[in-house]
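Enquirer: Give me coordinates for this.
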Amino acid sequence: MILVTGATGFLGSELITQLLLRGEKIRAIKRATSRIPQILTDKKDIEWFSADILDCFALSEAMDGISSVYHCAALISFHPKDKKEMLKVNVEGTVNLLNVCMEKNIRRFLHVSSISALGESKKGNLITEKNHWEFGAGQSSYSISKYKSEMEVFRAAAEGLNAVIVNPSIIIGKNAGKEGSGQLFESIRTGLNYFPGGSCGYVDVADVAKAMILLMESNISDERFIINSENLTYKEFFSSIALQFGKEPPTVPLKPWMMYIAWLGSRVITSLTGKRFGLSAETVRSAFKMQKYSNEKIKKALNLNFKPVDESINEICLHLKNN
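Expert: The predicted structure follows:
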């Protein structure tokens, strides 16, 4: 039986959908307060197990009879106030899982990390799995938490656990709804005329889940893989979405100082009202970085072809227009 953490999330639910199509038996961990996503509500072959990854006793019980684990659960936030909780969930939670896996002699462990745990490019070269991550003031708390989580996985691998890591770029897909990357699609749909000057990588959620399954079934161990389809500037990405919605592409380039002022304004409003905004000093910095990621390692290892980003965008926009 396969255990999936983060089962109610965007990636976890897609992964489970693909695993079920392969006839796998699934035990899915969810917190007591989590809502099962619509794409899984009619699936009868899922054994749901209420547990928190910070609860070692519950994890031990959840791991009985399990042969392999997909660890998708993580807290994603760029708010400074969430740093302590994020480190606890992302790092301590991963340590708990790894320790129980070794106690239970789990056959295989796949950890979902992030491109934020990779080093930055040098002189405009593509970022690869070999880029060295450097701690500094420019690193987000989320980046730190994912890097530390990876180090724990490599520590467990050195102690004998059969483990592999994936580093997806920005994950997109029609079932994201209006959260995460889906929030950006909705913003452009309602009219967004601005774009930041940076770039990033993008990949369809179905391709990420497919790569995870193929890696889990392979003999590859103690390695990490960037999962990325294409690299696009934010202007290119925003424009492609706008055109699919029949909107004018954004034409106003944002300047760093503009977003910095907006960030300062959001801090003032938050202090007065308690309402939190998605903008932070970390997101301001990342919006202007030119980040491009190589997918050569995963393509070579699995002979994998990725869905073009334009095709994914078309599917997402069509889904949003019909719902």
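Enquirer: Count the neighbours of V309 for me.
Expert: 22 (other C-beta atoms under 10 Å). To be clear about C-beta, it is placed using only N, CA and C from the backbone, and glycine gets the same treatment.
Enquirer: Look up phi and psi at M102.
Expert: Backbone geometry at M102, expressed as degrees, to the nearest 10, gives phi -70, psi -40.
Enquirer: can you pull the contacts of K83?
Expert: The contact partners of K83, taken as C-beta atoms under 8 Å, 6 or more residues apart in numbering, are S141.
Enquirer: what do you get for R107?
Expert: Shown in contact with R107 (C-beta under 8 Å, 6+ apart): 67-68, 162.
Enquirer: Repeat the analysis, applying 6 Å as the threshold.
Expert: Contacts for R107 (C-beta atoms under 6 Å, 6 or more residues apart in numbering) come out as 67-68.
Enquirer: One more: the one 3 residues further on?
Expert: Residues near L110 by C-beta under 6 Å, 6+ apart: 70, 164, 212, 216.
Enquirer: change it to 7 Å
Expert: Each residue near L110 by C-beta atoms under 7 Å, 6 or more residues apart in numbering is listed here: 70-71, 164, 166, 212, 215-216.
Enquirer: what's the answer for P37, then?
Expert: Taking C-beta under 7 Å, 6+ apart as the test, what P37 contacts is 8, 13.
Enquirer: before we move on, the earlier item: closest to H132 among the contacts of L110?
Expert: V166 (18.9 Å; C-beta to C-beta).
Enquirer: ok, so of the contacts of L110, who is nearest S229?
Expert: Taking C-beta to C-beta as the measure, S229 lies nearest V166 of the contacts of L110, at 13.6 Å.
Enquirer: Could you confirm that closest one falls within a strand?
Expert: Yes. Assessed by DSSP: H, G, I helix; E, B strand; the rest coil, V166 belongs to a strand.
Enquirer: Quick check: beta-bridge partners of it?
Expert: Beta-bridge pairing of V166 under DSSP bridges involves V112, F225.
Enquirer: Pull up the gap between it and K123, please.
Expert: According to C-beta to C-beta, to the nearest Å, V166 and K123 sit 26 Å apart.
Enquirer: same question, R31
Expert: 44 Å.
Enquirer: What of L110?
Expert: To K123, L110 is 33 Å away according to C-beta to C-beta.
Enquirer: likewise N90?
Expert: 31 Å.
Enquirer: When V166 and K123 are compared, which one has more neighbours?
Expert: Under the criterion of other C-beta under 10 Å, the comparison of V166 against K123 puts V166 first, with 23 against 4.
Enquirer: That one and V91, how far apart?
Expert: Taking C-beta to C-beta, one finds V166 at 18 Å from V91.
Enquirer: Ranking helices and strands of this protein by mean pLDDT, which lands last?
Expert: Lowest mean confidence among the helices and strands of the chain (mean pLDDT, DSSP states H and E): helix 256-273, at a mean of 42.
Enquirer: ok so R27 is a helix residue?
Expert: No. Read with three-state DSSP, R27 is strand and lies in no helix.
Enquirer: My guess is it contacts T5. True?
Expert: No. Assessed by C-beta atoms under 7 Å, R27 is found out of contact with T5, at 10.2 Å.
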